[in-house]
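S.K.: Quick one, structure for this:
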Amino acid sequence: MAGTRDLARKGRARRLVLVLLPFLALAMLPRVLVAHYRDRLPERAYVDGWARMMERVPDLAPSWDRWAHNHLGVLLGAAVIVGLFVWRWEYPTGQRLMVLMSWGGAGSAAVATALKVGAALDATHAAVTLAWWWGLLNFGLMVVGAVVGWLLSGPKPRLPDAMLKPPVTAPRLRLGATERAVFTASLRSTQQLMWGSTFLGLALMASCIDVGPPGITPLYMLLGLLMLSQATARLRITREGVCLALPWLGRLTRLVQYRHIQSASVTRQKASLQCLAGVGDGPVFGYTGRTGPALTLHLSDGRRFVATVDDAETAAALVNAELDRQRGPCATADQKSVPC
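M.R.: Residues are numbered from 1 along each chain as shown. Purely as a prediction, here's the structure:
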């Protein structure tokens, strides 16, 4: 089978720019606001964690100029996101997820920065605290920013069509003229549940302590919700293809059409975390919620889709049988004849 192609070449530069834009705004916005409103701001920036420490260590809080030029958290967040982007250099869906996280986390943090400066204008007290409704607004801004980033990142490229039938060694069932391949299985992942709960706990801790880089709380919250939404999944094999659905994520589905499948087999997989499960991409992607036999689809671009399901042998045989039916009498991947 041919090696994996560079599927992300088209639109990669645009996605990289979109990843960096929210962090650039987050770095420049405090400077612009402080420079414009310096005469209306208190002497020191009692915001974030400094607002609670004002009475104990009033002289340790930074000036507004120093606060506006503190980019350590921004640089750290940008380095992590760009590193993940490079890790998914050849895979567009992974890069689109980085755009989603950048706009959701850094975008909402930029708005929070503007609100903090606005709350400090002509303030009669030094400490700046946001109202109780800010948490709900911040979450809403994070969701809106993530959706906007996902839409701006562009569509996925099309996969090439597979032309050959599965090899003779692949498992297969013989289907009658009126029979159709139908298979349904439920999948669960303990790792997704554990990591999702961990990230939500970190988000709660960061929110209560009110310290850390700007945007860290919504970023933790976004990661936690993404993980928890993938704790369960559902796999279906129909006449259209193999469909993986995430019922806790608005029934988000990934349909692998038969025309993109070269063959199906059974391989042993280890339990692992997958970014947005089957919606993500990479050399190997899918839903591996446990260690054991997995349905493995060999795709036309060299990648593999895997799903650890019960009775993976039957699932692979059904897929190959449907491929035999749809492609008719032709050569197999190992150049041997298979009867229809």
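
S.K.: Check what pLDDT the nearest residue to Arg180 once chain neighbours are set aside gets.
M.R.: Distance criterion Cβ to Cβ, 6 or more residues apart in numbering; nearest residue to Arg180, sequence neighbours excluded, is Arg239 at 5.2 Å. The C-beta positions use only the backbone N, C-alpha and C, and glycine is treated the same way. Looking at Arg239, its pLDDT stands at 83.

S.K.: Over to Leu276?
M.R.: Reported pLDDT for Leu276: 54.

S.K.: go on, Ser102?
M.R.: 90.

S.K.: if we can go back for a sec, in what helix or strand does the residue nearest to Arg180 lie?
M.R.: Per DSSP states H and E, Arg239 falls between elements, in no helix or strand.

S.K.: in this structure, which residue is closest to the centre?
M.R.: Central residue of the chain (Cα atoms, centre = their mean): Leu97, 4.3 Å from the mean position.

S.K.: Contacts made by the helix or strand of the chain with the lowest mean pLDDT with the rest, please.
M.R.: Across the helices and strands of the chain, the lowest-confidence element by mean pLDDT, DSSP states H and E is helix 64-68, at a mean of 79. Helix 64-68 is contacted from outside by 30-31, 33-35, 38, 41-42, 44-45, 47, using Cβ atoms under 8 Å, 6 or more residues apart in numbering.

S.K.: what's the closest of the residues you listed to Met205?
M.R.: Val47 (19.0 Å; Cβ to Cβ).

S.K.: Tell me how many other residues crowd the closest one.
M.R.: Using other Cβ atoms under 10 Å, Val47 has 23 neighbouring residues.

S.K.: thought it was touching Ala120?
M.R.: Yes: look at Val47 against Ala120 with Cβ atoms under 8 Å: they come within range, at 6.9 Å.

S.K.: same question for the helix or strand where Phe285 lies, mean pLDDT?
M.R.: Applying DSSP H and E as the criterion places Phe285 in strand 284-287. Across strand 284-287, pLDDT averages out at 84.

S.K.: Direction included, what does it pair against?
M.R.: With DSSP bridges as the test, strand 284-287 is paired with strand 304-307 (parallel).

S.K.: Mind checking what helix or strand follows the strand it pairs with in sequence?
M.R.: Strand 304-307 is succeeded, C-terminally, by helix 312-327 (DSSP H and E).

S.K.: Name the residues of that following helix that are buried.
M.R.: 312, 314-325, 327 (16 or more other Cβ atoms under 10 Å).
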